[in-house]
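Colleague: Structure for this input, please:
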Amino acid sequence: MFAQVGTLTSGVRQAWGQRVVCDHFLTEVHCPGALPRAVVGCLVREIAVDVDEDARMIGRRVRQLRNSRGKSLRVVAGLAGMSKSKGMSKSKLSLIERGEVALDSRSDIVALAEVLQVAPSELIRQVEPTTGNGEGPAVKAVRRALIAVTHNNPAGQVMPVDVLRARVESLVIDQKRCDYEAVGRELPALIRDLHTSVDAGRDVRELLAMGVLLHVQGSHGFLAAMGAPGDLRWQTATLARQFAQEHGEAEVLGLATFGTANGLLAAGELGEALAELDSVTVPTTTVQAEQLDGMLALSRSLVAAADKRLADVEAPLEYADELAARTGEGNAYWLSFGPTNVGVWRMGVALEVRDFAKAVSIGEGLNPEFLSSAARRATYWSNYGRALARLRGRQDQAVMALRKAELISPAYVRDPFVREVLGELLVRSRRDAAGVELRGMAYRAGLPV
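Modeller: Presented below is the predicted three-dimensional model:
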């Protein structure tokens, strides 16, 4: 069994000399289940270099809010248990607050947010932005562009429709390649120019459809990857929805609904997400429409899992499986719909219902190279790593999987759920006696640890 990984720290290279093929890349790791604990510790720290336990882990924020509300562990756990998060015990909540168990279930986050009287987004927000995260210059430029278009003063240039089409397609491709630097350079001006061209009144229907694609797959995806505030991401979903409603065609409305529903899911607004998904029907008269309808079904399943409506989880997944069997691996609207991506979504659903063994089993049956999007490949590896981290004896493989996600796109290890798992891995590695000894020896030998 081999795992492909990329650049590692010199400490890892020196601490583990078996199978290092060159100084800069570890291209083959034989039997990752046998990774020495010192290497695991180095890798966890390399991936999680920006994780500040006290300020950033969700569990620590829960504890701060619980203390500020004057509520005991028993009271909060009991109330959370009554608000859909079945099985939330005092002992589990204590482990979550200490960072020994990751809080990466949407349903648990929503339940605790209700008890603590805050929005779910308040629990998962990043207090101190990490490098490349939050509101850097590119995000600020996007914010200014969005403010301008919502005030009907986009201040862009009227451009021919074919020029705008090429620019939108190029930007979405860069987004799916995880080339966020290129997206950040182009996105603010493209938002302004597209909205200015819509206002000019020529080729409006095509431009409206183009604008939905831009805001769902470009603007929203970029802002999410950069860790931008939720209100800014929601603004892009709102613009996509407005364009889709003005356009009126079912597929365009369906694409906007996909973006809006997943934005609501990320914000913990599960009832609103379900209502959004119920608001649209996409006739499956073309392969492209089948792929879009399949993505809406996958969203419906994940929302049901997050809302603890377990009876409603499997039917949408089976429907998506049927559609994927007909369409094969596709990429309509750059959604990467097909059998492999359905499997990645099944992994996400299994993670949400905390069936980690099932998520690993699904992952082991998939080949992520069949995914047309680098972003979806990164999602596969982050889901696989999160699931492995919960299985006894699979910590080293979990770290390698998360490292693969980071090598594809560093943004994926800044995801709040991945940060939670990294925090849990860090706590475990500190409590592992052998790991402590190995790191101590490496430190005394002058190696960076």
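Colleague: Could you pull out the strands in the stretch 301-449 of the chain for me?
Modeller: Counting by DSSP state E, counting those that start in this stretch, the stretch 301-449 of the chain has no strands at all.
Colleague: mind listing the helices for it?
Modeller: Counting by DSSP state H, counting those that start in this stretch, the segments of the stretch 301-449 of the chain that form helices are 314-327, 339-352, 356-364, 374-388, 395-408, 416-431, 433-444.
Colleague: Relative to Asp278, which of those helices is closest?
Modeller: Relative to Asp278, the nearest member of the helices of the stretch 301-449 of the chain by Cβ to Cβ is helix 314-327, separated by 12.2 Å. Quick note: C-beta positions are derived from backbone N, CA and C, even for glycine.
Colleague: Over that closest one, what's the mean pLDDT, rounded is fine.
Modeller: pLDDT averaged over helix 314-327 equals 98, rounded to a whole number.
Colleague: Output it as CSV, nothing but the C-alphas.
Modeller: The C-alpha atoms that make up helix 314-327 are tabulated as CSV, following Å, rounded to 0.1, in the frame of the first residue of the first chain:
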residue,chain,number,x,y,z
GLU,A,314,-30.7,7.4,1.9
ALA,A,315,-33.4,8.0,-0.8
PRO,A,316,-31.7,11.1,-2.3
LEU,A,317,-28.4,9.2,-2.3
GLU,A,318,-29.9,6.3,-4.2
TYR,A,319,-31.5,8.7,-6.6
ALA,A,320,-28.2,10.4,-7.2
ASP,A,321,-26.6,6.9,-7.7
GLU,A,322,-29.2,6.2,-10.4
LEU,A,323,-28.5,9.4,-12.2
ALA,A,324,-24.8,9.0,-12.0
ALA,A,325,-25.0,5.5,-13.4
ARG,A,326,-26.8,7.0,-16.5
THR,A,327,-24.5,10.1,-16.9
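Colleague: Tell me which other helices or strands that helix touches.
Modeller: Under the contact criterion of 3 or more Cβ pairs under 8 Å, 6 or more residues apart in numbering; DSSP states H and E, helix 314-327 touches helix 287-306, helix 339-352.
Colleague: Can you say which of those helices is nearest to Glu269?
Modeller: Nearest of the helices and strands packed on helix 314-327 to Glu269, taken as Cβ to Cβ: helix 287-306 at 9.9 Å.
Colleague: Could I get the CA-only coordinates of the closest one as CSV?
Modeller: Taking only C-alpha atoms (Å, rounded to 0.1, in the frame of the first residue of the first chain), the coordinates of helix 287-306 have been written out as CSV:
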residue,chain,number,x,y,z
VAL,A,287,-27.7,14.9,-19.3
GLN,A,288,-26.7,18.3,-18.0
ALA,A,289,-30.0,18.7,-16.2
GLU,A,290,-29.6,15.1,-14.7
GLN,A,291,-26.2,16.1,-13.3
LEU,A,292,-27.6,19.2,-11.7
ASP,A,293,-30.6,17.4,-10.3
GLY,A,294,-28.2,14.8,-8.9
MET,A,295,-26.2,17.5,-7.1
LEU,A,296,-29.5,18.9,-5.6
ALA,A,297,-30.3,15.3,-4.4
LEU,A,298,-26.9,15.0,-2.7
SER,A,299,-27.5,18.4,-1.0
ARG,A,300,-30.9,17.2,0.2
SER,A,301,-29.3,14.1,1.8
LEU,A,302,-26.6,16.0,3.6
VAL,A,303,-29.1,18.5,4.9
ALA,A,304,-31.2,15.6,6.2
ALA,A,305,-28.2,14.1,7.9
ALA,A,306,-27.3,17.4,9.6
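Colleague: got the helices and strands packed on helix 314-327 as CSV, with distance to Lys90, mean neighbour count and mean pLDDT columns?
Modeller: Formatted as CSV, the entries for the helices and strands packed on helix 314-327 read as follows, by distance: least, Cβ to Cβ, whole Å; neighbours: other Cβ atoms under 10 Å; pLDDT from 0 to 100:
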stretch, distance to Lys90, mean neighbour count, mean pLDDT
helix 287-306, 23, 24, 97
helix 339-352, 23, 24, 97
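Colleague: Tabulate those helices (a markdown table), appending distance to Val198.
Modeller: Conversion of the helices and strands packed on helix 314-327 to a markdown table gives the following (distance: least, Cβ to Cβ, whole Å):
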| stretch | distance to Val198 |
| --- | --- |
| helix 287-306 | 22 |
| helix 339-352 | 31 |
